[in-house]
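[1] Compute the structure for the input listed below.
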Amino acid sequence: MVRVLFVCMGNICRSPTAQGVFEELLRREGLTPWIEVDSAGTHAYHEGNAPDPRAQAAALRRGLDLSAQIARQVRSDDFERFDYILAMDRENLALLMERCPAPFGHKVSLFLGYAPHLGIEEVPDPYYGGVAGFDRVLDMVQAAAEGLLREIRARPPAA
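    Model prediction:
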């Protein structure tokens, strides 16, 4: 089992979108029994809430339903439990690294590192912008999700 955690600030826009996109990719590829996916926020601002309605609407336009997701904050046991802990931007990456026990630091990175062809490192936060920002996030997340899956497939099997 490979475990992937997507992380943004409040866990209502970017990270639940990444979770939904990656789960759909895994479903299409028949890989859901082998790869577990979750999302979390570095802050507890929206803990217990569903994703932002604009994120849900943008995802639904692409056939993705995010409505069952519930925001939560990153927990200390996430660093041991997950194999990939993927931050949406440098600010959240820094917050994760501050909290991450040293033996697990190698698991934490920027999500867009899996889409180097985009030429950007951070998924912009669409929260304070318009609808187009949520669509742009979906495009970026889709590209990085495909790159992440290629990486996971290239990993040697666990002993």
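[2] What are the buried residues along the longest helix belonging to the chain?
    Longest helix of the chain, by residue count under DSSP state H: helix 131-154. Neighbour-count burial for helix 131-154, counted by 16 or more other CB atoms under 10 Å, picks out 133-134, 137-138, 140-145, 147-149, 152. For every residue, glycine as well, the C-beta is placed using N, CA and C.
[3] From the contact counts, what lies against the host helix or strand of L25?
    Assigned by DSSP states H and E, L25 belongs to helix 14-29. Applying 3 or more CB pairs under 8 Å, 6 or more residues apart in numbering; DSSP states H and E, one finds that helix 14-29 contacts strand 2-8, strand 35-41, helix 53-61, helix 131-154.
[4] re the thing from before, nearest to L112, of the buried residues of helix 131-154?
    Comparing the buried residues of helix 131-154 against L112 with CB to CB places A144 closest, at 5.3 Å.
[5] if I pick the closest one, what's in contact with it?
    Contacts for A144 (CB atoms under 8 Å, 6 or more residues apart in numbering) come out as 18, 111-115, 118, 123.
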